[in-house]
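[1] Below: sequence and its predicted model.
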Amino acid sequence: MESLSPIAAGALGSLAAGMMTAVGAVPMLFLKKPSEQTQSVLLGFAAGVMLAASFFSLIIPGVDVLQAGGASQAWAAGTMAAAVLIGATAIGLMNRFAPVDMLAIGPAQSKHLARRIWLFIIAITLHNFPEGAAVGVSFGGGDMHQGLATALGIGIQNMPEGLAVSAAMASLGYGRGPAFLGALASGLVEPVGGLIGAGVVGMLPGALPWGLGLAAGAMIYVVTAEIIPQTREQSKGDSSMIGLMIGLVGMMFLDIALG
């Protein structure tokens, strides 16, 4: 990979990281159609994964990028806070004004549930774009070892995210194949982000933290306003919250362990 240009390396590295979403979705190929209770647990798991990813994969790295660029701790925190609020506002407006019939796609009985879950899938997919850009930026700086480390770390973190997307699609009533392909598709936005990230490094060094923060805000909004209330309504007892905590702690461990 060292013989490649930084842009080509960034595109390939982010493609490899994005493909790991499909690896994470492999278990869904062997599961029977989940019951309503199992769907709630899987959605709870997905919500926990995305909550942890919002903070540990997006917000904290965004702060680190800003501080590495010379920003003070307070300025970095304020910038990320603004980006998160803008991202949450944008997805909130989409939730309110987007035509429900366009988002309520799938075999699920409830169009309201389908809309909620599709917003969740969209938020996950959007968050993969700045992650891919982060890989591209790492390669774009010319340090292949740093780029490979970043691609490996994000790739491993993408595995539970791929499972989250496939679980969300399974809860809509999709079969194992479509749920797996949906997870794969969500990860394929990463090489687009990687190509752009590698190409613009040095031109717009301040864009990446904003992208990370916007994606985090969008995911936090969807998870807390839509997915968690839905899983609490569907589940019996605390099963959905157990799934949420497993997803949150598992993703938090991966993010911290992989730096």
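    That came through fine.

[2] Please make it C-alpha for all contacts and neighbour counts, starting now.
    OK.

[3] Do a quick rundown of the helices in the stretch 101-250 of the chain.
    111-140, 144-171, 176-187, 190-200, 207-222, 228-234, 239-257 (DSSP state H, counting those that start in this stretch).

[4] who touches the shortest one?
    The list of residues contacting helix 228-234 from outside it, by CA atoms under 8 Å, 6 or more residues apart in numbering, reads 36-37, 40-41, 43-44, 47, 113, 238, 240-241.

[5] So Ala183 sits against Leu163, correct?
    Yes - with contact defined as CA atoms under 8 Å, Ala183 reaches Leu163; the gap is 7.2 Å.

[6] Who has more neighbours out of the two?
    Using other CA atoms under 10 Å as the criterion, Ala183 and Leu163 rank with Ala183 on top: 33 against 26.

[7] ok so, going back, with respect to Leu29, which of the helices of the stretch 101-250 of the chain lies nearest?
    Judged by CA to CA, the one of these that comes nearest to Leu29 is helix 176-187, at 5.0 Å.

[8] Tell me the helices and strands packed up against the closest one.
    helix 6-25, helix 111-140, helix 144-171 (3 or more CA pairs under 8 Å, 6 or more residues apart in numbering; DSSP states H and E).

[9] ok, back up a step: Thr21 is nearest to which of the helices of the stretch 101-250 of the chain?
    helix 144-171 (3.9 Å).

[10] helices and strands around that closest one, which ones?
    Right, helix 144-171 is packed against helix 6-25, helix 36-52, helix 111-140, helix 176-187, helix 239-257 by 3+ CA pairs under 8 Å, 6+ apart.

[11] can you list contacts of the shortest one?
    Contacts made with helix 176-187 from outside it, assessed by CA under 8 Å, 6+ apart, are listed as 17-22, 25-26, 28-31, 33, 121, 124-125, 128, 158, 162-163, 165-167, 169-170.

[12] Just the buried residues of these.
    17-22, 25-26, 28, 121, 124-125, 128, 158, 162-163, 165-167, 169-170 (16 or more other CA atoms under 10 Å).

[13] which residue sits closest to Glu131, ignoring its sequence neighbours?
    Distance criterion CA to CA, 6 or more residues apart in numbering; nearest residue to Glu131, sequence neighbours excluded, is Glu190 at 6.6 Å.

[14] go on, Leu254?
    Per CA to CA, 6+ apart, closest to Leu254 is Gln157, 6.4 Å.

[15] Span of stretch 22-37 from start to end?
    Distance between the two ends of stretch 22-37: 24 Å, counting by CA to CA, to the nearest Å.

[16] Pro209 touches Met80, doesn't it?
    Yes - checked against CA under 8 Å, the pair Pro209 and Met80 is within contact range at 7.1 Å.

[17] Let me see the contact set for the residue nearest to the spatial centre of the chain.
    Taking CA atoms, centre = their mean as the criterion, Ile124 is the residue nearest the geometric centre of the chain, at 3.7 Å. Counting by CA under 8 Å, 6+ apart, Ile124 touches 50, 161, 165, 186, 219.

[18] Just list the residues touching the third one, thanks.
    When you say that, I think you mean Val165. Here Val165 is in contact with 25, 46, 121, 124, 179, 182-183, 186 (CA under 8 Å, 6+ apart).

[19] try 6 Å this time
    Contacts for Val165 (CA atoms under 6 Å, 6 or more residues apart in numbering) come out as Ala183.

[20] returning to what we had before: for the helices and strands packed on helix 176-187, which one sits closest to Gly62?
    That would be helix 111-140 among the helices and strands packed on helix 176-187, by CA to CA, at 9.8 Å.

[21] Go through the closest one and flag the buried ones.
    111, 113-140.

[22] From the chain's centroid, how far away is that helix?
    5 Å (CA atoms, centre = their mean, to the nearest Å).

[23] and the angle from it to helix 207-222?
    160 degrees (axes from the mean of the first three to the mean of the last three CA atoms, to 10 degrees).

[24] what pLDDT, on average, does helix 111-140 get?
    Helix 111-140 carries an average pLDDT of 74.
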